[in-house]
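K.L.:
Provided below for reference: sequence and predicted model.
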Amino acid sequence: MIRRFFILCSALIVISSSEAADKTNVLLICVDDLRPELNCYGVDYIHSPNIDALAAGGRLFTRHYVQAPTCGASRFTLLTGKYGGSSNDALFQRSRVLAAEPEAVDPSMPAWFKDHGYTTVSVGKVSHHPGGLGGPDWNDPALPEMPNSWDRHLLPFGPWQHPRGWMHGLANGEIRVKAGEMDLFQAVEGPDTIYPDGAAVDLTLEELETLGEGVAEKPFFLAAGILRPHLPFGAPAKYLELYKDADLPPIPHSEKPEGKTTWHKSGEFMKYNRWGKDPNTDPAFALKVRRHYAACVSYADAQVGRILAKLDALGLRESTVIVLWGDHGWHLGEHAIWGKHALFEESLRSPLIVAYPGIQKPGTPAEGIVETIDIFPTLTELTGIETPDFVQGTSMRSLLENPGGEGREAHSYSRNVRTIRTDRYRLVAHQGGYFELYDESDPDGETRNIAETKPAIVERLAAKINARFPRE
């Protein structure tokens, strides 16, 4: 009888291991403040060979929109599959509700995968706080940003003292104490590890090895957060050298917009040491800023390349769904903004690339509109696990199989302002009944508000916004 019991247990273990081996892994790469400033998105002066190669073997979405133009709120949507708050504190707010009323909060995306047999690991900036902890220096284990979600939620801050220091770090351990005393941009000679992403990606590669060794027992969901090109714009000098003689095109519609909009004074950008210069009035300085941003993009691309090379070296590419996602866009002088936080196209449109074995028509872009909120149900479909009924997005499977198919409309928000993006129009609805309407097919784009001349379109799109986000 005992022998029969052990035989049965052994058989169950073999079956379990076989099922695990058949499951698809997930590699989610989150890149901070990355607009579609990539060669594969048609920006031909950018050096982004690794992301370009990923796009060539997968599906690039030309019109992917985030739900909020700020890190914390955008990542809330990614990691919960739900529309949520508009602040960087959104996931911590959820954490506090979860502590008080556990039954009132649905599982996060990593928690859902964990509950379905996955090992879940986060390295770098995936949720808003790198490493996922609160407190003054973002290292208090009593204040988790995403409880019950990750088997390991890691941030190797190295010489940057703590996660908060890493988040705003420059070369060789320099941390931000007073923003006005930290340079806006920097390019120091040295290897990739002298800037924060180098250390985080080193640990990501170690985690991939560990997860690869255990993949026969359990599939993995690995999220790797890359910090650059987040401010301050610091990257090893070799990446800036790529742009020394680059011919950058003029900044489109670089004037401050007229009338009521979500324009802002670029406060996050302007508080750094700018040597007394303003890119809105100094074209030579604006060019320097853009070149340093480009250097940071190439540095981030190199980190993506390191991760993908390790995936290949471990023989895991053929059993892994890869998603590369930018958490929001970033203005480089358009509308006289240097940063995010607005509800213009530049703040809300970001890169999204999905790649997996057997994808149809690899390298063909999908032009249909999709949203960040669609990523959760897409990953459950592609990995064959149940899609929870609480997610508010729609799987992108149809566009992955047929890139010429139709997309959907995208909803975004910032504080008390909401917007909808359709194929042709963007409507921005302010509290109090003021509207901005832009015709995206017009060369003037989001510079000419036509709301007063198109009342029927305003009414129709406003009704869709109100149906999605009823005002209390």
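P.N.:
All right, it came through fine. Quick caveat, the model's predicted, so the values are computed rather than measured.
K.L.:
measure the most centrally placed residue in the chain to Ala463 for me?
P.N.:
Here the mean C-alpha position of the chain is nearest to the C-alpha of Asp327 (CA atoms, centre = their mean), at a distance of 2.6 Å. Counting by CB to CB, to the nearest Å, the separation of Asp327 from Ala463 is 29 Å. The C-beta positions use only the backbone N, C-alpha and C, and glycine is treated the same way.
K.L.:
then Gly85?
P.N.:
24 Å.
K.L.:
higher neighbour count, those two?
P.N.:
Set Gly85 next to Ala463 and count neighbours by other CB atoms under 10 Å: Gly85 wins out with 19 against 11.
K.L.:
that one contacts Ser74, correct?
P.N.:
No - in this structure Gly85 lies outside contact range of Ser74 using CB atoms under 8 Å: 10.8 Å.
K.L.:
please enumerate the strands of the stretch 51-200 of the chain.
P.N.:
59-60, 64-65, 119-124, 133-134, 140-144, 152-154, 185-186 (DSSP state E, counting those that start in this stretch).
K.L.:
run through the residues that contact Ala462.
P.N.:
Contacts for Ala462 were tallied using CB atoms under 8 Å, 6 or more residues apart in numbering; they are 427, 429, 435.
K.L.:
mind redoing it with 6 Å?
P.N.:
By CB atoms under 6 Å, 6 or more residues apart in numbering, the residues touching Ala462 are Ala429.
K.L.:
in terms of helices and strands, where is it?
P.N.:
Of the helices and strands defined by DSSP states H and E, Ala462 is found in helix 455-468.
K.L.:
equivalent analysis for Leu34, please.
P.N.:
Following DSSP H and E, there is no helix or strand that holds Leu34.
K.L.:
identify the residues contacting it.
P.N.:
326, 351.
K.L.:
need phi/psi at it.
P.N.:
The phi and psi torsions at Leu34 (degrees, to the nearest 10) take the values phi -90, psi 110.
K.L.:
how close does it get to Ala294?
P.N.:
Leu34 is 11 Å from Ala294, where distance means CB to CB.
K.L.:
again, but for Ala53
P.N.:
Ala53 sits 19 Å away from Ala294 when distances are taken as CB to CB.
K.L.:
looking at those two, which is more packed in?
P.N.:
In terms of neighbours (other CB under 10 Å), Ala294 is the more surrounded of Ala53 and Ala294; the figures are 26 against 17.
K.L.:
which stretches in the stretch 351-472 of the chain count as helices?
P.N.:
Residue ranges of the helices in the stretch 351-472 of the chain, as given by DSSP state H, counting those that start in this stretch, are 375-383, 397-401, 455-468.
K.L.:
buried residues in the shortest one?
P.N.:
In this case it means helix 397-401. With burial defined by 16 or more other CB atoms under 10 Å, the residues of helix 397-401 counted as buried are 399-400.
K.L.:
can I get that helix in PDB, CA atoms only?
P.N.:
Output of helix 397-401 as PDB, limited to C-alpha atoms (Å, rounded to 0.1, in the frame of the first residue of the first chain):
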ATOM      1  CA  ARG A 397      -5.000  38.600 -29.700                       C
ATOM      2  CA  SER A 398      -6.900  39.500 -32.800                       C
ATOM      3  CA  LEU A 399      -4.300  42.100 -33.800                       C
ATOM      4  CA  LEU A 400      -1.500  39.700 -32.900                       C
ATOM      5  CA  GLU A 401      -3.000  37.200 -35.400                       C
END
